[in-house]
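Undergrad: From the sequence below, what's the structure:
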Amino acid sequence: MFGIPGQSPVTITPTAVTQIRKLMERDGRYALRIGVKKGGCAGMEYTMDYVDGSEANDEVVEQDGARVLIAPMAQMFLFGTEIDYETSLLESGFKFRNPNVVDACGCGESIKFKDVEELSADQGSQG
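TA: Alright, predicted model coming up:
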């Protein structure tokens with residue numbers, strides 16, 4: 001586990017809470033699960049899926065009826081992130097304000113973390 005005991009690894013804005021709760025209720029889902037995977041032009045991408053239950057070692061964040069699960073492999077990359085939901089004339093969607101990101105592609109879909117290869121190798125050898 002990464003972070004400070006008793007401190008939530010991510011924060012969720014009221015707008016994101018409303019959207020997550022609305023989608024959970026509409027589809028009868030348990031939670032929104034967030035992860036990261038290799039891909040995109042900057043090296044990594046966020047993944048988001050509505051799920052019917054948690055998996056072993058998921059970090060559970062509950063706020064005002066919204067439930068977010070953070071996949072084990074993503075926990076070290078997401079610690080300190082603010083999850084928001086923004087709506088504009090051109091697009092709407094979840095936005096991640098992540099202090100761990102050192103670079104992002106122009107569209108914002110792909111991100112790069114400091115020493116991601118080194119961190120991934122270290123985590124892979126631990127478990």
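
Undergrad: these two touch, right, Asp49 and Arg29?
TA: No: distance between Asp49 and Arg29: 9.2 Å, which falls outside the contact criterion (C-beta atoms under 8 Å). For the C-beta atoms, the positions are set from N, CA and C on the backbone; glycine is no exception.

Undergrad: Compare these two and say which one has the larger neighbour count.
TA: Arg29 (17 against 12; other C-beta atoms under 10 Å).

Undergrad: List the contacts of that one.
TA: Contacts for Arg29 (C-beta atoms under 8 Å, 6 or more residues apart in numbering) come out as 23, 50-52.

Undergrad: mind redoing it with 7 Å?
TA: 50-52 (C-beta atoms under 7 Å, 6 or more residues apart in numbering).

Undergrad: quick check: mean pLDDT across the host helix or strand of Val17?
TA: Element membership of Val17, judged by DSSP states H and E, is helix 14-27. Here helix 14-27 scores 93 as its mean pLDDT.

Undergrad: Name the residues that touch it?
TA: So helix 14-27 is contacted by 31-32, 50, 63-68, 83-85, 94 (C-beta under 7 Å, 6+ apart).

Undergrad: Which positions within it qualify as buried?
TA: 16-17, 19-21, 24 (16 or more other C-beta atoms under 10 Å).

Undergrad: Check the gap between the residue of the chain most remote from its centre and Glu45 for me.
TA: Largest separation from the mean C-alpha position in the chain: Leu89, at 24.4 Å (C-alpha atoms, centre = their mean). Using C-beta to C-beta, to the nearest Å, we find Leu89 at a distance of 25 Å from Glu45.
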